[in-house]
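[1] what's the 3D shape of this:
(one chain, ligands or ions: 1)
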Amino acid sequence: MNDLTLKLTDLKLAFRSWSGANEVLHGISLHIRKGERVALVGESGSGKSVTARIVLGMLQELAATRVSGDVIFEGEDINAMSVKKRHALRGTRMSMIFQDPTSSLNPVYPIGQQFFEVLKRRDRRITAADARKNAIAALDDVAIHDPERVLDSYAFQLSGGMNQRVVIAMALANNPALLLADEPGTALDVTVQAQTLKLMSALVAKHGTSVLFISHNLGVVREFADRVYVIYKGNIVEQGPTADLFADPRHPYTRALLSAVPRISGGGIPDLPEDMDGFHAPLIAHEGYSEGELLK
Ligand SMILES: Nc1ncnc2c1ncn2[C@@H]1O[C@H](COP(=O)(O)OP(=O)(O)OP(=O)(O)O)[C@@H](O)[C@H]1O
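    Predicted coordinates for the structure are as follows:
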């Protein structure tokens with residue numbers, strides 16, 4: 001099993017409030033092999049982002065959360081790690097790309113300075129000159145042809161697409177083992193989003209980076225992911241290689257999601273399968289299916 005970059009086992013998350021604990025992840029298990037691109041797909045509020053934030057070790061530290069289960073990253077349990085060790089992993093062995101590139105960048109420092117800070121996380125003694133050289137190479141990798149100008153610019157002086165490339169270059173600059181990508185580019189127009197996904201795809205393939213790709217857009221997932229997990233209300237309801245899942249979706253929620261992807265051949269939501277395996281969670285009606293049909 002040492003080809004696994006990430007393995008989540010029975011991961012649960014609850015937010016505490018004055019009225020008691022509200023469990024939002026009900027025991028998620030998933031794994032990502034070295035160099036594998038895995039998508040976590042589900043509607044808004046299903047638990048995609050909180051899963052990523054647990055992997056990044058960001059929710060374990062909050063007083064209002066209760067996290068249980070195993071989060072094994074490169075053989076070590078993130079839930080059991082010291083705060084210091086968890087911090088040290090971020091931006092080095094794992095990094096994250098968010099939906100809106102411009103808000104991920106600091107508006108008051110030039111891009112070059114931000115690159116320097118990123119590279120210092122891995123090598124505290126790196127010189128400004130070496131950092132600049134590495135940053136130029138990283139920008140070159142994301143097809144930015146005038147890296148010197150970009151390094152001297154502020155985020156607001158660059159286009160959204162350019163900022164997205166900068167963010168991808170920064171996220172991969174320290175050659176992380178795992179990239180968490182939360183719908184990168186959804187804040188941009190579709191052409192730019194497609195271009196940046198293509199770039200990201202080529203780069204992770206080049207470096208053998210494992211990816212957890214978070215999305216509600218199955219059209220994009222189909223292009224990008226090797227394997228897909230479908231999350232519904234804090235439960236994984238289906239998983240499989242991307243081609244298999246698209247060819248033969250088993251769970252009614254997956255079918256409902258797929259029916260929202262435009263198809264040349266057309267077609268509506270297929271019939272519900274007759275047998276569905278046991279899932280236990282709070283149930284609500286969804287897209288014409290009864291609660292029980294979706295989560296049984
Ligand atoms: N800080 C918080 N306090 C309480 N509940 C929270 C908090 N953050 C998230 N949640 C709840 O956890 C659940 C999962 O949220 P999450 O953000 O992971 O959804 P998501 O699938 O990423 O949705 P989206 O696609 O809209 O980002 C939701 O019910 C949300 O309301």
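[2] give me the below-cutoff pLDDT ranges for the stretch 1-150 of the chain.
    Flagging of the stretch 1-150 of the chain using pLDDT under 70 yields the residue ranges 1.
[3] now the strands for it?
    4-17, 20-33, 37-41, 65-73, 76-77, 94-97 (DSSP state E, counting those that start in this stretch).
[4] so where do the helices sit in the stretch 101-250 of the chain?
    101-104, 111-122, 128-141, 147-151, 160-173, 190-207, 218-224, 242-247 (DSSP state H, counting those that start in this stretch).
[5] which of those helices sits most buried?
    helix 160-173 (a mean of 24; mean count of other C-beta atoms under 10 Å). Every C-beta, even on glycine, is put in place using the N, C-alpha and C of the backbone.
[6] pLDDT of it, averaged?
    Averaged over helix 160-173, pLDDT sits at 91.
[7] and if you look at stretch 179-188?
    So the average pLDDT for stretch 179-188 ends up being 80.
[8] restrict it to CA atoms and write it as PDB.
    Extracted as PDB, the C-alpha positions of stretch 179-188 are listed here (Å, rounded to 0.1, in the frame of the first residue of the first chain):
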ATOM      1  CA  LEU A 179      -2.400  19.100  -5.000                       C
ATOM      2  CA  LEU A 180      -5.900  19.900  -3.700                       C
ATOM      3  CA  ALA A 181      -7.700  21.800  -6.500                       C
ATOM      4  CA  ASP A 182     -11.100  23.300  -5.500                       C
ATOM      5  CA  GLU A 183     -12.900  24.000  -8.800                       C
ATOM      6  CA  PRO A 184      -9.900  26.000 -10.200                       C
ATOM      7  CA  GLY A 185     -11.100  28.600 -12.600                       C
ATOM      8  CA  THR A 186     -14.800  28.500 -12.000                       C
ATOM      9  CA  ALA A 187     -14.500  32.200 -11.300                       C
ATOM     10  CA  LEU A 188     -13.200  32.700 -14.800                       C
END
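[9] is that stretch up against the ligand anywhere?
    No: using C-beta under 6 Å from any ligand atom, stretch 179-188 never reaches the ligand; the gap is at least 7.3 Å.
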